[in-house]
Every structure is written in structure tokens, then in C-alpha cells.
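K.L.:
Sharing a model prediction with you, sequence too.
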Amino acid sequence: MAPVFRSSHALVTGGGRGIGRAIAAALAQAGATVTVLGRSPEPLRAAVADGDAHHVAVADVTDEAAVKAAIAEAAARQPIDILVANAGAAESAPFHRADAALFRRMIDVNLMGVVHAVQAVAKPMAERRQGRIVAIASTAGLKGYGYVSAYCAAKHAVVGLVRSLALELAPTGVTVNAVCPGFTDTDLVAESVDTIMKKTGRSREEASAELARHNPQGRLVTPAEVADAVLWLCGPGASAVTGQAIAVAGGEI
């Protein structure tokens with residue numbers, strides 16, 4: 001792959017595993033200097049050791065002060081040109097059992113985690129009149145799913161944030177977009193499979209098929225497919241693309 005991002009510094013939250021790790025690896029392969037941010041240092045260091053990233057920043061995305069401090073330290077090495085706000089979490093429960101604490105957890109990590117990271121980079125990007133911001137939302141930000149009302153609410157909020165912020169930053173040349181994967185072959189989906197198995201008694205194959213059936217292609221999306229969409233949005237050919245929520249879901253949306 002040509003070094004499209006040779007002089008760029010990219011920061012990926014939740015970059016130690018799953019979709020975030022795939023995005024970090026794709027950006028690094030395309031020539032970017034990549035900082036991976038997360039709350040657990042071990043997978044972040046593993047990403048660096050494997051050549052999928054260059055620097056580690058440790059912070060819990062729900063902690064505003066920690067995120068801003070970690071991103072400021074990363075930006076001191078080199079201004080951040082690309083932010084991929086990927087960190088997220090999902091919890092399931094019937095709505096009547098989804099208490100306020102569950103809603104707050106989903107909002108804190110899935111929405112406020114994006115807000116904290118974006119607030120740390122948006123002003124410097126706007127001042128330099130260049131930058132790419134991509135939030136990894138979900139098809140749950142574009143449609144509803146049963147038993148994950150809090151998660152869907154948070155991801156819908158991320159899409160709304162992206163659309164609003166894109167308008168504010170459009171005059172500066174900074175683009176803001178969301179990528180919305182369907183069920184993707186990651187640890188997060190593996191946990192959902194475990195939950196289905198526990199609650200229904202189905203086999204792992206049956207539980208996986210229950211999730212894959214949402215995709216008209218009849219399969220799970222791969223992290224690399226999500227990373228490819230992010231790579232395009234961050235590249236020069238997407239400079240007029242902003243405020244979009246792009247589904248990577250085999251036709252589900």
C-alpha cells in the first residue's frame with residue numbers, strides 16, 4: 001500500500017483489540033504514525049510490539065481529564081491529524097430491567113468517550129484547518145435492536161453528534177464522519193454469543209448464526225472491512241465527505 005499518510009499522526013481510542021486494532025494496523029501500514037489509546041496497557045503494548053502502532057496512551061475514555069491529558073501528551077510529540085474514536089462497550093437487558101445506571105454506563109463510554117476525545121483534538125485541527133475525525137458508531141446508531149435499548153440510544157447520540165459537529169467544522173476543512181459496522185467478528189460480539197448461549201442453551205454455531213442473520217450476506221463483518229472504510233474517510237479523496245454515517249453491514253441498513 002502506498003504511504004498515503006506518511007506525515008500524519010493518527011490516534012485510535014480502543015486501539016488495542018478488535019476493530020480498533022485493525023484500524024490502527026491499517027493506518028500504520030498506510031504510513032501514519034499511530035498512537036493507540038485505551039485503559040488496559042497490555043493490548044496497547046502488544047499492538048506496538050506487533051508493528052500495528054507506534055505509541056501507547058493509557059486512559060479510560062469515560063475520564064475526561066485523563067483523556068485530555070493523554071491526548072495532549074500524544075499531540076506534544078506530533079499534532080494529531082486523524083482521530084478515530086472507536087472505544088465502546090455493549091450491555092444487554094430487557095428495557096424493564098435496564099436501570100438508570102446501565103443507561104449511564106452506555107452513555108459514558110459510547111457517547112461521552114467520543115465527546116472527550118473529540119474535544120481534545122477539534123480546536124487544534126480547526127486552527128490548522130486540517131483534520132479527520134471518525135467515530136465508530138454501529139448499525140445500532142441507525143436502527144433499533146431489542147434488548148440493547150441503552151446501547152442503541154448511545155450510538156444514535158454519536159451519529160447525531162457527528163452530524164452536528166460536521167456542520168460546525170465544515171468551514172475549517174476538518175471532516176467528521178461515523179462508520180457504523182454491523183455485527184463484526186470481534187471479542188465484543190463473541191461476548192454477545194456467550195450471552196445468547198447462556199440464556200437460550202444454543203450452541204456457539206447457532207448463537208453466531210443468530211447474529212449473522214441480520215446481515216443479508218449471511219455472515220459477520222470483518223474488522224479489516226471496517227478499517228478500509230475508515231482509511232478511505234481519512235484520505236484525500238474524501239475531503240468533501242462529512243457528516244455521514246456509513247454502514248458497513250452487508251446491506252442490513
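P.N.:
Yep, it's here.
K.L.:
From here on, just use CA atoms for contacts and neighbour counts.
P.N.:
OK.
K.L.:
what ranges do the helices span in the stretch 51-200 of the chain?
P.N.:
64-77, 100-106, 113-128, 149-169, 187-200 (DSSP state H, counting those that start in this stretch).
K.L.:
can you tell which of those is closest to residue 230?
P.N.:
Across the helices of the stretch 51-200 of the chain, residue 230 has its closest neighbour in helix 149-169 (14.4 Å, CA to CA).
K.L.:
Go through the closest one and flag the buried ones.
P.N.:
Neighbour-count burial for helix 149-169, counted by 16 or more other CA atoms under 10 Å, picks out 149-163, 165-166, 169.
K.L.:
ok, now stretch 206-217?
P.N.:
207, 208, 211, 212, 214, 215.
K.L.:
And that stretch, end to end?
P.N.:
Counting by CA to CA, to the nearest Å, you get 17 Å between the two ends of stretch 206-217.
K.L.:
if we look at that stretch, which residues are touching it?
P.N.:
182-183, 193-194, 196-197, 218-220, 249-252 (CA atoms under 8 Å, 6 or more residues apart in numbering).
K.L.:
Around the residue nearest to residue 234 when sequence neighbours are not counted, how many other residues sit close by?
P.N.:
Take residue 234 and drop its neighbours on the chain: the residue closest to it by CA to CA, 6 or more residues apart in numbering is residue 132, 5.6 Å away. When neighbours are defined as other CA atoms under 10 Å, residue 132 has 26 of them.
K.L.:
For the helices of the stretch 51-200 of the chain, state which one has the densest average packing.
P.N.:
helix 149-169 (a mean of 21; mean count of other CA atoms under 10 Å).
K.L.:
angle of that one against helix 113-128?
P.N.:
Going by axes from the mean of the first three to the mean of the last three CA atoms, to 10 degrees, helix 149-169 is angled at 10 degrees with respect to helix 113-128.
K.L.:
list the contacts for the residue nearest to residue 234?
P.N.:
81, 82, 83, 174, 175, 176, 233, 234.
K.L.:
Specify the beta-bridge partners of it.
P.N.:
Beta-bridge pairing for residue 132 (DSSP bridges): residue 82, residue 175.
K.L.:
Any figure for the gap between it and residue 82?
P.N.:
Applying CA to CA to residue 132 and residue 82 gives a distance of 5 Å.
K.L.:
coming back round to it: which one of the contacts of residue 132 sits closest to residue 3?
P.N.:
Nearest to residue 3 among the contacts of residue 132, counting by CA to CA, is residue 234 at 12.9 Å.
K.L.:
Just give the number of residues close to that closest one.
P.N.:
Neighbours around residue 234, by other CA under 10 Å: 27.
K.L.:
Check residue 235 too.
P.N.:
13.
K.L.:
just residue 240 next, same as before
P.N.:
Residue 240: 12 neighbours (other CA under 10 Å).
K.L.:
Also the one 10 residues further on?
P.N.:
Using other CA under 10 Å, the number of residues around residue 250 comes to 17.
K.L.:
likewise residue 201?
P.N.:
Per other CA under 10 Å, the neighbour tally for residue 201 reads 12.
K.L.:
how near is it to residue 194?
P.N.:
Residue 201 is 10 Å from residue 194, by CA to CA.
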